[in-house]
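Student: sharing a model that was predicted from the sequence below.
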Amino acid sequence: MMNRRMHLRYGRRALVLVAACVLASACSTSGPPATPLIDVPAGFPQPHFPEDNALTADRIALGKKLFYDKQLSRTSEVACGSCHLQEHAFADPRPLSIGVNGQLGKRNAPSLANMVYNTSYFWDGGVPTLEQQAIQPIINPLEMNMTLGEVVSRVSADPAYVDMFRRAYNSEPKPEFVTKAIASFVRTLVSGRSRYDRYQQGDTTALTASELRGMNIFFGEKAECFHCHIGFNFTNNGYRNNGIYATYADKGRELITEDPADEGKFKVPTLRNIALTAPYMHDGSFETLDAVVNHYTSGGQQNPNADAVIRPFVLTPQERTDLIAFLTSLTDEQFVADAKFKP
Amino acid sequence: MAMIRIRHRYQIVFALPAALLLSALLVAGCRKDTPNGPPAPAGNDTAAVPLAITFNAVAGNAPFLLDTVMTTENSIQYKVQRLRFYVSQLELIDSSGAHVPVTLLDSAMQPATYGIALVDYSIRGSNVLRVLTKRGRYNGISMAIGVPRLAFDGSSLNHGDASTHLPPLDVDADMYWGWKPGYIFLKIEGFSFVAKQWEQFVYHIGEDKRMMNIVASGSVSVPGDSTGQLHLKANINRLFVTPAGNYLPNLAGDLADRVANSGGPADSLVINGQKSGFITIQQ
């Protein structure tokens, strides 16, 4: 009962929020906006947005500007977009990403396609929301090596930014709105218009004969890829050990759960746009899809947590070609060329 | 610490107890009570009175100083570059054993938003916590070193979106793990003398299961005026001695003993912090 000031503080904050809603008409959570901010591909579920960060055009625009802004790094050398490149479906073609002062990171930067559908972020799934995810690269000494306070003071010095923050969140720049805006932009990176999708929508000519054979191998009981890479986004959103090592230098999911049974387990990644996102795996250790297929046919390395589904199988040279052809049909040319994602 | 907030400032400490009591009366009835509501320090008999709680860090019999060589109880030389920890859930224990909540104040003498203080030995004065409580004689104090899972209003705190949090839980306090959402409760980093040379040690302790719940017994008196003082001793050496008298984590051990944010070394630090007399009442 004692904290009158706390009350006042929250009370006024609520008032400010109400005012913000009226001003920016940004608080409606019911029903999609008139022009969809995300063009949801056929067969994809409707995405969900956090209650305290409804998607608006102003928030996306601000988030995009921040995503491509190198000022967000200590040395002004590195932006989010330096490690997540649109032509690679927002993945990094380097095995390990390079942050400020040429520092080498510890993992391969994955594609940012369809993050809005994910339930956890990073290879070990340590972070549950895109807002929280956006904090990490900014403060990571190996990536952008910044403080949120310094980001805020840099953007506050730019009247264009100040205006965009006001329009997006009816506020001066604050750490909270930096991460919320970035998350808003990342949520719009939805990819689902590959030839495989056209085939799914009934265009029987969309896939070649080889790709169709590859599709059957992918979804068949010999290769068993679909056990993990399943559903519209080719992931069961689980954590699995696919046996790429006998002992793992990077413990993966165990770092989060502290459970040795999770050693070497990583988030099952989407395979959309996979032909554009080499090199592969959490550490970028596989250079080509051919190398990946070799890994799976070999049954991988023995280790206590290796998934039972990962075991040797034989593909004829033609079947191997077909499987890789199918993986290549998952490329969404429109996504990587889409002007609305460009700086 | 720059805090952005809307409030009135009371410059005079003496005005606080009365003002708080008055405000309690004013808002009584309109406040939606939450299960974890902020502690209400004032009894109906007395107003809340101030108490200053000081964490005096020592290494055994020597004063604790950053970047200064100190010696553990098993004679390992070490020097600390960083020592920071969050203090939360402060309560005094009365003669009947009942826990009496105290209201932690922030640096502007306002009830601290989260009821949490960051003690950082590189920031002068951060080891003195100012609280309001009921006058009287107490038999001890209890606290947690850590960030509770939930805030007073029931929202996520330890695992919430840190970019929305105010000091001392702001991301820039440099106590936040970004790769997983959560706070480092206690951070101690430095060098220890291992096999004839200085080697780095880095311990970052966190996670809900590693809340360090501490009870320090001893007489505490809270007078009815502004002079109330409680001096606590934070003996860093005791963090490295288990309740059974073993020396774990091993500051002179190999890398896995010296650099840890989970597993055995982290668990030992928590148990030692709770049970080996890390925090005691100084008479």
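Tutor: All right, it came through fine.

Student: and the closest residue to B:Asn272 other than its chain neighbours, which of the three is it?
Tutor: Leaving aside its sequence neighbours, B:Asn272 sits nearest to B:Leu239 (C-beta to C-beta, 6 or more residues apart in numbering or on different chains; 5.2 Å). For every residue, glycine as well, the C-beta is placed using N, CA and C. When classified by DSSP: H, G, I helix; E, B strand; the rest coil, B:Leu239 comes out as helix.

Student: what's the spacing between B:Leu239 and B:Val80?
Tutor: 11 Å (C-beta to C-beta, to the nearest Å).

Student: again with B:Tyr203
Tutor: 11 Å.

Student: equivalent analysis for A:His227, please.
Tutor: Distance of A:His227 to B:Val80, computed by C-beta to C-beta: 50 Å.

Student: equivalent analysis for B:Leu251, please.
Tutor: 11 Å.

Student: just the strands from the stretch 51-200 of chain A, written as ranges.
Tutor: Counting by DSSP state E, counting those that start in this stretch, the stretch 51-200 of chain A has no strands at all.

Student: spell out which parts of it neighbour chain B.
Tutor: Residues of the stretch 51-200 of chain A that fall close to chain B, judged by C-beta under 8 Å from any C-beta of the partner chain: A:122, A:124, A:126-129, A:131-132, A:134-136, A:139-140, A:147-149, A:174-176, A:178-180.

Student: what touches both of B:Leu239 and B:Val80?
Tutor: Common neighbours of B:Leu239 and B:Val80, using C-beta atoms under 8 Å, 6 or more residues apart in numbering or on different chains, are B:Ile188.

Student: so what's B:His231 bridging to?
Tutor: Per DSSP bridges, the residues bridged to B:His231 are B:Thr54.

Student: and it, what does it touch?
Tutor: Contacts here follow C-beta under 8 Å, 6+ apart; on that basis B:His231 touches B:Thr54, B:Asn56, B:Ile281, B:Gln282.

Student: in the stretch 101-250 of chain A, what residue is nearest chain B?
Tutor: Nearest residue of the stretch 101-250 of chain A to chain B (C-beta to the nearest C-beta) works out as A:Gln136 at 3.4 Å.

Student: isn't that residue up against A:Val127?
Tutor: Yes: the pair formed by A:Gln136 and A:Val127 meets the contact definition of C-beta atoms under 8 Å, at 6.8 Å.

Student: now do the shared contacts for the two.
Tutor: B:Gly178, B:Trp179.

Student: farthest from the middle of chain B: give me that residue.
Tutor: Each residue of chain B has a distance to the centre, and by C-alpha atoms, centre = their mean the biggest one is for B:Lys196: 34.6 Å.

Student: pick out the residue closest to the middle of chain B.
Tutor: Closest-to-mean residue, chain B, C-alpha atoms, centre = their mean: B:Val87 / 1.9 Å.

Student: now A:Thr56: how far from A:Thr188?
Tutor: Counting by C-beta to C-beta, the gap from A:Thr56 to A:Thr188 is 11 Å.

Student: please enumerate the shared neighbours of the two.
Tutor: Contact criterion C-beta under 8 Å, 6+ apart; residues shared by A:Thr56 and A:Thr188: A:Leu37.

Student: tell me the secondary structure for B:Ser122?
Tutor: Following three-state DSSP, B:Ser122 is assigned to coil.

Student: now B:Gln89
Tutor: Here B:Gln89 is recorded as strand under three-state DSSP.

Student: OK, contacts around it?
Tutor: B:Gln89 makes contacts with B:Gly115, B:Ser142, B:Met143, B:Ala144, B:Pro148, B:Asn213, as judged by C-beta under 8 Å, 6+ apart.

Student: quick check: which element contains the fourth one?
Tutor: Secondary structure assigned from DSSP states H and E places B:Ala144 in strand B:136-145.

Student: helices or strands up against that strand?
Tutor: Applying 3 or more C-beta pairs under 8 Å, 6 or more residues apart in numbering or on different chains; DSSP states H and E, we find strand B:136-145 packed against strand B:77-93, strand B:212-222, strand B:279-281.

Student: following the first one, which helix or strand comes up?
Tutor: Yep, that's strand B:77-93 we're talking about. Next along from strand B:77-93, by DSSP H and E: strand B:99-101.

Student: distance from that following strand to the middle of the chain?
Tutor: Chain-centre distance of strand B:99-101: 16 Å, with C-alpha atoms, centre = their mean, to the nearest Å.

Student: whichever helix or strand comes after it: how far from the chain's middle?
Tutor: For strand B:99-101, the following helix or strand on the C-terminal side (DSSP H and E) is strand B:103-105. Relative to its chain's centre, strand B:103-105 lies at 12 Å (C-alpha atoms, centre = their mean).

Student: in chain A, which residue is most central in space?
Tutor: Geometric centre of chain A, nearest residue: A:Leu112, 3.0 Å, by C-alpha atoms, centre = their mean.

Student: where's that one relative to A:Ala91, distance?
Tutor: According to C-beta to C-beta, A:Leu112 and A:Ala91 sit 8 Å apart.

Student: wait, what's in contact with residue 60?
Tutor: No chain was given, so I picked chain A. By C-beta under 8 Å, 6+ apart, A:Ile60 lies in contact with A:Leu37, A:Ser184, A:Phe185, A:Thr188.

Student: you looked at the wrong chain, it should be chain B
Tutor: By C-beta under 8 Å, 6+ apart, the contact list for B:Gly60 reads B:Met70, B:Thr71, B:Glu73, B:Asn235, B:Asn237.

Student: adding pLDDT and neighbour count, write those out as CSV.
Tutor: Below are the contacts of B:Gly60 laid out as CSV (pLDDT from 0 to 100; neighbours: other C-beta atoms under 10 Å in any protein chain shown):
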residue, pLDDT, neighbour count
B:Met70, 97, 19
B:Thr71, 98, 15
B:Glu73, 97, 14
B:Asn235, 98, 21
B:Asn237, 98, 23
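
Student: filter the residues you listed down to the ones in strands?
Tutor: Counting by DSSP state E, the part of those found in strands is B:Met70, B:Thr71, B:Asn235.

Student: in JSON lines, list these along with distance to A:Ile217.
Tutor: Compiled in JSON lines, these are given as follows (distance: C-beta to C-beta, whole Å):
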{"residue": "B:Met70", "distance to A:Ile217": "64"}
{"residue": "B:Thr71", "distance to A:Ile217": "66"}
{"residue": "B:Asn235", "distance to A:Ile217": "65"}
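
Student: out of these, who's nearest B:Lys275?
Tutor: B:Asn235 (13.1 Å; C-beta to C-beta).

Student: just to check, the closest one is in contact with B:Thr280?
Tutor: Yes: contact criterion C-beta under 8 Å: B:Asn235 and B:Thr280 qualify, at 7.1 Å.

Student: can you give me the helices in the chain?
Tutor: Answering for chain A, as no chain was given. Assigned by DSSP state H, chain A shows helices spanning A:4-24, A:57-67, A:80-83, A:130-139, A:148-156, A:159-169, A:175-187, A:195-200, A:209-218, A:254-257, A:289-298, A:317-328, A:333-337.

Student: sorry, should have said chain B
Tutor: Remark: helices assigned in chain B by DSSP H are B:15-27, B:255-258, B:263-275.

Student: give me the residue from the stretch 151-283 of chain B nearest chain A.
Tutor: Using C-beta to the nearest C-beta, the closest approach of the stretch 151-283 of chain B to chain A is made by B:Gly178 at 3.4 Å.

Student: got the angle between the strand holding B:Ala144 and strand B:77-93?
Tutor: 130 degrees (axes from the mean of the first three to the mean of the last three C-alpha atoms, to 10 degrees).

Student: quick one: buried residues of strand B:136-145?
Tutor: B:Gly136, B:Tyr138, B:Gly140, B:Ile141, B:Ser142, B:Met143, B:Ala144, B:Ile145 (16 or more other C-beta atoms under 10 Å in any protein chain shown).

Student: residues near residue 77, how many?
Tutor: I went with chain A, as the question did not name one. By the criterion of other C-beta atoms under 10 Å in any protein chain shown, A:Glu77 has 14 neighbours.

Student: that's the wrong chain, I wanted chain B
Tutor: Neighbours of B:Gln77 under the rule other C-beta under 10 Å: 15.

Student: got it, and the one 5 residues further on?
Tutor: B:Arg82 sits with 15 neighbouring residues when counted by other C-beta under 10 Å.
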